[in-house]
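Enquirer: 3D, please:
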Amino acid sequence: MATVAEQFIEVLRQAGVRRVYGVVGDSLNPIVDAVRRTGGIDWVHVRNEEAGAFAATAEAQATGRLAVCAGSCGPGNTHLVQGLYDAHRSGAPVLALASQIPSAQIGSGYFQETHPERLFAECSHYCEAISTPEQMPRVLRTAIQHAVGLGGVAVLTLPGDTASKDTAVPTGEHDFLVRKGIIRPPADQVAQLAGALNRARKVMLFCGAGVQGAHSEVMQLAHKLLSPIGHALRGKEWIQYDNPFDVGMSGLLGYGACYEATQEADLVLLLGTDFPYDQFLPGKNTIQVDDDPSKLGRRTPLDLAVHGDVGETLRLVLDKVEQKRDQSYLDEMLHRHTRALENVVSAYTRDIEKHMPIHPEYVASVLDDLAADDAIFTVDTGMCNVWVARYITPNGRRRVMGSFSHGSMANALPHAIGAQYGAPGRQVISVSGDGGLAMLLGELLTVKLHRLPVKIILFDNASLGMVRLEMMVDGFPAYETDHEAVDYAAIAEAIGIESSRVERPSDVRTVMERALAAPGPYLLDVVTDPNALSIPPRITPQQVKGFALSAGKTVLTGGVGKMLDLARSNLRNIPRP
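Expert: I've put the predicted structure just below:
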C-alpha cells in the first residue's frame, strides 16, 4: 500500500509538476524519498528555502504551470516566507509544502514548532493542514486548484508522521484546470466605455501586465483614439515593442512623457494594471479595465469600472469607438517624450571609454545589444530595476522577471534558477546587484551543482544604490549604504563557475560577448559607478529640497538608452487616421 507521501507526489505528477525546490531534512524525509522513487519528478536542492520559493515563482512564470517548493518544520518553513510573498503578489501559481513537527507534539512548544497555517495566511489563497490520511488526495487537489485558478500561492502543512502513514483513499485520476476562461464584460459597461472614449478629446492609455496577449487590440484602439500609450514596469514587456504611440513609463523608475500625458489627458484608460503609486495618477477622469474585480478602483477614483479581460473588452468596444481626427495631443506628447530622452541620454554616451568606474547605463546598453532575442532576464530589486527598465528593449519574445510587486532583494539569481529549469533551451540572464547577490550568495553553489547555464551580469557598485537615493530624496546623507569592494569573480571562480571581473569600459563588450557565449554558467563582475543614480520623471518640491541638502557633487543621471532612437523613429512615423 502507498503512503501519504507517495500519494502526495503522485498527485503532483498528475498535475504536471516536474520538480520540487527545497532543502531536504527531518520532517520532509518521507516526501523526499517519495520523490526519489517516483519517475518524472525530481528534487532540486537549493541552499536556502527562500531561494527555492523564488525559483518556483520564476518557473511558474516561465511555463504558466504550477511549480512547487518545500520547507521542513520550523526554520525551513520560515525561510519560505519571503519567496512566497513574492510569488503571491506576482500571481505565480506556486504550491508550497510546509512540513510540520510530529502531530502528537503540536501545541506543546516542541522543538522547531511553528504554526504554518497562521504564518502563511497572508501570502496565500489557501493554507490548510493535512492531519489524517483521509484528507488526501482531495485537500491537495483543492490547494492546486486555488494556486492555478486564482493565480498565486497555496500552502499545505503536513506532519512527517502523517506523511509516513498508509493511504486511506485511492488516488485515482483527476482533471486539473490548466487554462482559464476569458472574462467578457457586461454589455452596458462596454457601451459606457465606448461613450466615454468618444466624448473625450484627449485619451491616454496606461498599460500593465494585464495587456499580455492584447498588443494588437491596444494598438488598434490607440490608432482610433490617437492616444499616447504609457506603461507600468510590469507592462513594458507586453506593450512597448512595435508601438508608435509609446511615451515611456511612469512611476519611480519612469522616464519620458508618460507622467505628463497622464496628467494632461481628458481621460486616462487603465488597462490591466494595478499600478500602486497613486501620486503619479491624475486622481480623476479615469476608467479601469481589469479581469480581477478586487483591483478596480483601489488605486484611484474611477468614472467607470469595467470587469473584463483586456483583449476581450477591447475587441468588443473597437467597433463602437469613433475615429478621432485631432492628433495634436498625441503629437505633443510624442515630441515631449523625445525631448525628455534627448535631455538625459548623454548621461551614458559622454566619455564612455574614459569614465571609471563604469557607467551602469553603458553596461545595460551593451547587454541589450548582445542578449538573445528570446532571452529571459531576471532582475534584482534596486538600481538594477532602473537599468533594465530603461535599457532592455522588449520585442514580444524576451521576458523580464523581478520582484516588481513585493520588492524583495536577492531575487534575481534564484529567479534565474527557476527560469532556466522552466525554459531549458533559452538564454537566462540574472541581472544582479552586488547587494542582492551577496544576500543569497550560496545560490551560486546551486547553479554550479545543477550545471545550469545561467549568465550572471553583476552590477557591482559596492553600494545599496537605491537606498542611497531614497536617503537623498528624504534629505538624509547616505549612511551605511556603501561597503568594501568584493571580487565576486574570484568567489565564483573558487566555486567552479567561469567568471571575469571588468573595471575598464573598453573591455565591457568583448568580455560580455564571451560570457553570454559560454556553454555553462558564467559570472561577469562589472565594477560600476555608485554615483550613477536615477531621477524619477516627477520630482516634488520636497524631493528637490532633499537632493539639495544631500547631493553635493553626486552625479544624478536619468539615461534611457535606445529609447531615444525609438522615440525619434516614432516622431518620423506618427500614425495618421
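Enquirer: Over the helix or strand harbouring residue 198, what's the mean pLDDT, rounded is fine.
Expert: Counting by DSSP states H and E, the element that carries residue 198 is helix 187-199. Taken as a whole, helix 187-199 has a mean pLDDT of 98.
Enquirer: which helices and strands sit right next to that helix?
Expert: Counting by 3 or more CB pairs under 8 Å, 6 or more residues apart in numbering; DSSP states H and E, the packing neighbours recorded for helix 187-199 are strand 267-271, strand 286-290, strand 304-307, helix 310-318. For glycine as for every other residue, the C-beta is placed from the backbone atoms N, C-alpha and C.
Enquirer: tell me the pLDDT at residue 356?
Expert: Here, the pLDDT recorded for residue 356 equals 81.
Enquirer: Any idea how many residues pack against it?
Expert: The local packing of residue 356 (other CB atoms under 10 Å) involves 13 other residues.
Enquirer: That one contacts residue 507, doesn't it?
Expert: No: here residue 356 lies out of contact with residue 507, judged by CB atoms under 8 Å, at a distance of 11.1 Å.
Enquirer: returning to what we had before: deepest of the helices and strands packed on helix 187-199, which one?
Expert: Each of the helices and strands packed on helix 187-199 was given a mean neighbour count from mean count of other CB atoms under 10 Å, and the largest, a mean of 26, is that of strand 267-271.
Enquirer: Quick one: residues in contact with that one.
Expert: Counting contacts by CB atoms under 8 Å, 6 or more residues apart in numbering, the residues outside strand 267-271 that touch it are 196-197, 200, 202-208, 210-211, 214, 218, 227, 262, 281-282, 285-290, 300, 303, 310, 314.
Enquirer: Swap in 7 Å and give it another go.
Expert: When contacts are defined by CB atoms under 7 Å, 6 or more residues apart in numbering, strand 267-271 is touched by residues 196, 200, 203-208, 210-211, 218, 262, 282, 285-289, 310.
Enquirer: what does stretch 149-162 give?
Expert: Outside stretch 149-162, the residues that reach it (CB under 7 Å, 6+ apart) are 4, 26-27, 29-30, 84, 87-88, 91, 93-103, 116-117, 120, 123-131, 139-140, 143-144, 146-147, 177, 180.
Enquirer: so how far does that stretch reach from one end to the other?
Expert: 27 Å (CA to CA, to the nearest Å).
Enquirer: where does the stretch 351-500 of the chain dip in pLDDT?
Expert: Within the stretch 351-500 of the chain, the stretches with pLDDT under 70 are 351-353, 472-473.
Enquirer: ok, how many other residues are close to residue 186?
Expert: Tallying neighbours of residue 186 according to other CB under 10 Å, which is how burial is gauged here, yields 11.
Enquirer: I meant to write residue 121 there.
Expert: Residues within reach of residue 121, counting by other CB under 10 Å, total 12.
Enquirer: any idea how far residue 290 is from it?
Expert: Separation of residue 121 from residue 290 (CB to CB, to the nearest Å): 25 Å.
Enquirer: what about the helix or strand containing residue 7, average pLDDT?
Expert: Residue 7 belongs to helix 4-14 when assigned by DSSP H and E. pLDDT averaged over helix 4-14 equals 97, rounded to a whole number.
Enquirer: And the pLDDT for residue 577?
Expert: Per-residue pLDDT puts residue 577 at 67.
Enquirer: residues in contact with the spatially most central residue of the chain?
Expert: Among the residues of the chain, the one closest to the centroid is residue 402, at 3.0 Å (CA atoms, centre = their mean). The neighbourhood of residue 402, defined by CB under 7 Å, 6+ apart, consists of 378, 379, 381, 385, 411.
Enquirer: any chance you could map the strands in the stretch 251-400 of the chain?
Expert: Assigned by DSSP state E, counting those that start in this stretch, the strands in the stretch 251-400 of the chain fall at 255-256, 267-271, 286-290, 304-307, 376-379, 399-402.
Enquirer: partners of the last one, with directions?
Expert: Strands that pair with strand 399-402, judged by DSSP bridges, come out as strand 376-379 (parallel).
Enquirer: hey, C-alpha coordinates of the strand it pairs with in PDB?
Expert: Coordinates of each C-alpha in strand 376-379 appear next as PDB, following Å, rounded to 0.1, in the frame of the first residue of the first chain:
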ATOM      1  CA  ILE A 376      14.800  35.800 -20.100                       C
ATOM      2  CA  PHE A 377      16.100  38.500 -17.800                       C
ATOM      3  CA  THR A 378      15.700  38.100 -14.100                       C
ATOM      4  CA  VAL A 379      16.400  41.400 -12.300                       C
END
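Enquirer: which other residues reach it?
Expert: Outside of strand 376-379, the residues within contact range by CB under 7 Å, 6+ apart are 58, 62, 385, 388, 392, 398-402, 412, 415-416, 419, 423, 426, 428-431.
Enquirer: Buried ones among those residues?
Expert: Taking 16 or more other CB atoms under 10 Å as the criterion, what is buried in these is 58, 62, 385, 388, 392, 398-402, 412, 415-416, 419, 423, 426, 428-431.
Enquirer: Any regions of the stretch 101-250 of the chain where pLDDT drops low?
Expert: Judged by pLDDT under 70, no stretch of the stretch 101-250 of the chain qualifies at all.
Enquirer: what ranges do the strands span in it?
Expert: For the stretch 101-250 of the chain, applying DSSP E, counting those that start in this stretch gives strands covering 126-129, 153-159, 203-207, 229-231, 246-249.
Enquirer: do the stretch 401-550 of the chain as well
Expert: Across the stretch 401-550 of the chain, reading from the start of the chain, the strands by DSSP E, counting those that start in this stretch fall at 428-433, 455-460, 498-502, 522-527, 533-534.
Enquirer: mind giving me CSV with those and columns for distance to residue 232?
Expert: Supplementary listing: the strands of the stretch 401-550 of the chain in CSV, determined by distance: least, CB to CB, whole Å:
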stretch, distance to residue 232
strand 428-433, 19
strand 455-460, 23
strand 498-502, 32
strand 522-527, 28
strand 533-534, 16
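Enquirer: List the buried residues for the helix holding residue 198?
Expert: Of all the residues in helix 187-199, those buried under the rule 16+ other CB under 10 Å are 189, 190, 192, 193, 194, 196, 197.
Enquirer: for stretch 16-26, same thing?
Expert: In terms of neighbour count (16+ other CB under 10 Å), stretch 16-26 has its buried residues at 16, 17, 18, 19, 20, 21, 22, 23.
Enquirer: give me the number of residues near residue 326?
Expert: The burial count for residue 326: 11, using other CB under 10 Å.
Enquirer: List the contacts of it.
Expert: If a contact means CB under 7 Å, 6+ apart, then residue 326 has residue 201 as its contacts.
Enquirer: where's it relative to residue 359, distance?
Expert: Remark: distance between residue 326 and residue 359 (CB to CB) = 41 Å.
Enquirer: okay, now residue 47: neighbour count?
Expert: Taking other CB under 10 Å as the definition, residue 47 ends up with a neighbour count of 17.
Enquirer: Quick check: chain neighbours aside, which residue is closest to it?
Expert: With CB to CB, 6 or more residues apart in numbering as the criterion, residue 47 has its nearest non-adjacent residue at 3.5 Å, and that residue is residue 442.
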